[in-house]
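Participant: All I have is the shape, not the residue letters:
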């Protein structure tokens, strides 16, 4: 039995946990910074260009017969072009894993473990992620089917309990500062949503043909995971105050109050965040190891994790990380991912056209 083969639903569960963390937590401050009150409308509007991106991902997976994308490119366009396409995407995954690791470590240290040495908090997180990245994809899938329902339940729990704390009037009026912030917000929303390109990198692990509706529903869920905490933060704190928070999604847990005696259940947010971080870092490093470690060197993966661990000694704070994301990394990611996906779609089209020409003549 091949433990690296997955069904489409299992990929859905893994992707919602890994990509969902970024869209649900880390991306929110960038959206508020770029579009403020208009951010929630920007996320809704991003659905239309995102739909085109979903179609391109589906077109690539369908017409490459879900073959490993590097092998497909090598056979038709050569090794150089295969490396040119895949290496930048793997670099993006590595930086995303590093940022997730830093954000999670700092957040746990600041809010829950202020007296615990930071190197110890980071080490425990890293060892856990390393263990997960050394498992098979089937193990990740099985674990995700257990963890995701609990994470979703907690999300709906905090959403329903905090209903009395929300003021819908904070969502309006829109476009007070023109349409520039709204358009800027679409740009940042897409920088998180287009992360579904990961499907292309793991398509060869699927036992079933990926259907358009599978990717479409995944896209809708990711949009929902983005707009939910974003709109809640605006309604609960107002657009100005929500913009000042480093982790608005976590601050929503601090408002939770049930009756007179139950409050401060924000430790449950740790389960949500750490679950997403484990799967995100574990999955991304697993993919990088599968593509780059051709000789199955047992030291390659530990070396990658040591590099990530080394970033903790840079003494960056959350402000520096968010500034790096906002000004440089997210714009770079969106432009690169869209460019690579678009060109790859064109190459797949050319390849299919060449393959179909003899059939047309006969």
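Facilitator: Done, it's in. Not measured: the values here are computed from a predicted model.
Participant: residues of stretch 241-252 that come out buried?
Facilitator: 242, 243, 245, 246, 247, 248, 249, 250, 251, 252 (16 or more other CB atoms under 10 Å). C-beta: built from backbone N, CA, C; applies to glycine.
Participant: The stretch 101-250 of the chain: helices as residue ranges?
Facilitator: Assigned by DSSP state H, counting those that start in this stretch, the helices in the stretch 101-250 of the chain fall at 118-133, 137-161, 180-193, 198-202, 212-237, 239-244, 248-254.
Participant: pLDDT of the first one, averaged?
Facilitator: I take that to be helix 118-133. Averaging pLDDT along helix 118-133 gives 89.
Participant: Run through who's touching that helix.
Facilitator: Here helix 118-133 makes contact (CB atoms under 8 Å, 6 or more residues apart in numbering) with 101, 104-105, 108-109, 113, 140, 143, 274, 277-279, 281-283, 285-286, 289, 301-302, 305, 308-309, 312.
Participant: List only those of the residues you listed flagged as buried.
Facilitator: 101, 104-105, 108-109, 140, 143, 274, 277-279, 281-283, 285-286, 289, 301, 305, 308-309, 312.
Participant: residues near residue 321, how many?
Facilitator: By other CB atoms under 10 Å, 20 other residues sit near residue 321.
Participant: There's contact between it and residue 104 in this structure, I believe.
Facilitator: No: look at residue 321 against residue 104 with CB atoms under 8 Å: they stay out of range, at 11.2 Å.
Participant: Now do the shared contacts for the two.
Facilitator: Common contact partners of residue 321 and residue 104 (CB under 8 Å, 6+ apart): none.
Participant: Check the buried residues of stretch 241-252 against residue 225 and report the nearest one.
Facilitator: Distance ranking of these against residue 225, using CB to CB, places residue 249 first at 10.0 Å.
Participant: which one is that closest one nearest to, not counting chain neighbours?
Facilitator: residue 229 (4.2 Å; CB to CB, 6 or more residues apart in numbering).
Participant: show me what contacts the one you found?
Facilitator: 24, 25, 28, 248, 249, 252.
Participant: Give the residue spans of the stretch 101-250 of the chain that score low on pLDDT.
Facilitator: Across the stretch 101-250 of the chain, nothing is flagged by pLDDT under 70.
Participant: quick one, strands of the stretch 251-362 of the chain?
Facilitator: Assigned by DSSP state E, counting those that start in this stretch, the strands in the stretch 251-362 of the chain fall at 257-258, 262-263.
Participant: So what touches the last one?
Facilitator: Outside of strand 262-263, the residues within contact range by CB under 8 Å, 6+ apart are 256, 257.
Participant: mind checking how far that strand is from the chain centre?
Facilitator: The chain centroid and the centroid of strand 262-263 are separated by 31 Å, computed with CA atoms, centre = their mean, to the nearest Å.
Participant: That strand pairs with which strands?
Facilitator: strand 257-258 (antiparallel) (DSSP bridges).
Participant: Quick one: residues in contact with the partner strand.
Facilitator: With contacts defined as CB under 8 Å, 6+ apart, strand 257-258 is touched by 161, 263.
Participant: tell me the contacts of residue 8?
Facilitator: So residue 8 contacts 206, 208, 210, 211, 214 (CB under 8 Å, 6+ apart).
Participant: what's the burial count for residue 313?
Facilitator: By other CB under 10 Å, 10 other residues sit near residue 313.
Participant: Quick check: pLDDT value at it.
Facilitator: pLDDT, read off for residue 313, is 83.
Participant: Same check on the one 4 residues further on?
Facilitator: Residue 317 is assigned a predicted lDDT (pLDDT) of 82.
Participant: pretty sure it contacts residue 106?
Facilitator: Yes: Residue 317 is within contact range of residue 106, at 7.1 Å (criterion: CB under 8 Å).
Participant: So if I had to pick from the two, which one is more boxed in?
Facilitator: residue 106 (20 against 12).
Participant: Could you measure from the closest residue to the more buried one other than its chain neighbours over to residue 116?
Facilitator: Distances taken as CB to CB, 6+ apart put residue 318 closest to residue 106, at 5.6 Å, once the chain neighbours are dropped. Going from residue 318 to residue 116 by CB to CB, to the nearest Å gives 18 Å.
Participant: So which of these two has more stuff around it?
Facilitator: Between residue 318 and residue 116, counted using other CB under 10 Å, the more crowded position is residue 318 (15 against 12).
Participant: Give me the distance between that one and residue 25.
Facilitator: 12 Å.
Participant: Likewise for residue 10?
Facilitator: Residue 10 sits 23 Å away from residue 25, going by CB to CB.
Participant: neighbour-wise, which of the two wins?
Facilitator: Neighbours were counted for residue 10 and for residue 25 using other CB under 10 Å; residue 25 has more, 25 against 21.
Participant: What residues does residue 191 make contact with?
Facilitator: 27, 30, 330, 331, 333, 334.
Participant: so which of these is the most crowded?
Facilitator: residue 27 (25 neighbours).
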